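*Asks:* Pasted the sequence and its predicted model underneath.
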Amino acid sequence: MTFVIPTNAGSPRAKADLRRADGSPVRVLVVDDEPSLAELMSLALRMEGWEIRSAGNSVDAIRFAREFRPDAVVLDVMLPDMSGLEVISKLRAESPTLPVLFLTARDAVEDRIAGLTAGGDDYVTKPFSLEEVVLRMRALLRRSAVTSAHDRSALVVGDLTMDEDSREVHRGGEPISLTATEFELLRFLMRNPKRVLSKAQILDRVWSYDFGGQANIVELYVSYLRKKIDAGRKPMIHTMRGAGYVIKPAT
């Protein structure tokens, strides 16, 4: 398997735009049972100025997550003692919004959807370049609450409100818990109320890179949002057949 060290690997400069809101380094937990791969990924991520800890099995991964309190996790789906899908369920039980990037050797659509349905925010298919891992992890962290952000404000569409500072979302006064990716998707929709957004626009804005043409990931996450935002209420998120999605006050 061939890996490419990111182009910034020769310099240990921290990326100031992706530090915690309090200015401290981002923490990432790398979980992979291949020591050489885990070491290379850890090196590449450390070059971003982040604190890294690695684990080679699920038991250590769960223990390190409790001790290290990572801001994000790179998680191999195929671990020797437990499936990565089982690991994420245990991690999410304690940290419901923890961003997770899956590593998988399987490229079938159903395998990718299974990982995302289990709670993964993104995935990388082996073999991959380390630069790709860094790129996708940076995209995940930008969507999370741990890094400093710009242009934050309160968003309001009908009885749906979003506080971009606290990342609190309410509808009709009732709190709604969202994952990092769900939050970013809803924020994009709420920043463009009554405007139809295509799947391509959503992929570009929310996932920040070419997702290999897998527009069904947008459908998947829109369905997640609907279950949390619209369930038992008048719908706000609408599908415009052949055009995309739009959010507007319920009528």
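*Replies:* Yep, that arrived. Not measured: the values here are computed from a predicted model.
*Asks:* mind checking the end-to-end distance for stretch 60-76?
*Replies:* Using Cα to Cα, to the nearest Å, the end-to-end distance of stretch 60-76 comes to 13 Å.
*Asks:* which outside residues touch that stretch?
*Replies:* 20, 26-34, 41, 45, 53, 55, 79, 84, 87-88, 90-91, 94-95, 98-104, 120, 133, 137, 140-141, 144, 146-147 (Cβ atoms under 8 Å, 6 or more residues apart in numbering). For the C-beta atoms, the positions are set from N, CA and C on the backbone; glycine is no exception.
*Asks:* Now do the contacts for residue 173.
*Replies:* Residue 173 makes contact with residue 159, according to Cβ under 8 Å, 6+ apart.
*Asks:* For the one helix or strand residue 91 maps to, what does the pLDDT average out to?
*Replies:* For residue 91, the host element (DSSP states H and E) is helix 84-94. Taken as a whole, helix 84-94 has an average pLDDT of 86.
*Asks:* which strands and helices sit next to that helix?
*Replies:* Packing partners of helix 84-94 (3 or more Cβ pairs under 8 Å, 6 or more residues apart in numbering; DSSP states H and E): helix 58-68, strand 72-76, strand 100-104, helix 109-117.
*Asks:* Which among those is found nearest to residue 174?
*Replies:* Nearest to residue 174, of all the helices and strands packed on helix 84-94, is helix 109-117, at 24.6 Å by Cβ to Cβ.
*Asks:* On the C-terminal side of that closest one, identify the next helix or strand.
*Replies:* strand 122-125.
*Asks:* Check which helices and strands the helix or strand just after that following strand sits against.
*Replies:* Once strand 122-125 ends, the next helix or strand along the chain (criterion: DSSP H and E) is helix 130-143. Other elements packing on helix 130-143 under the criterion 3+ Cβ pairs under 8 Å, 6+ apart are helix 35-46, strand 72-76, strand 100-104, strand 122-125, helix 180-190.
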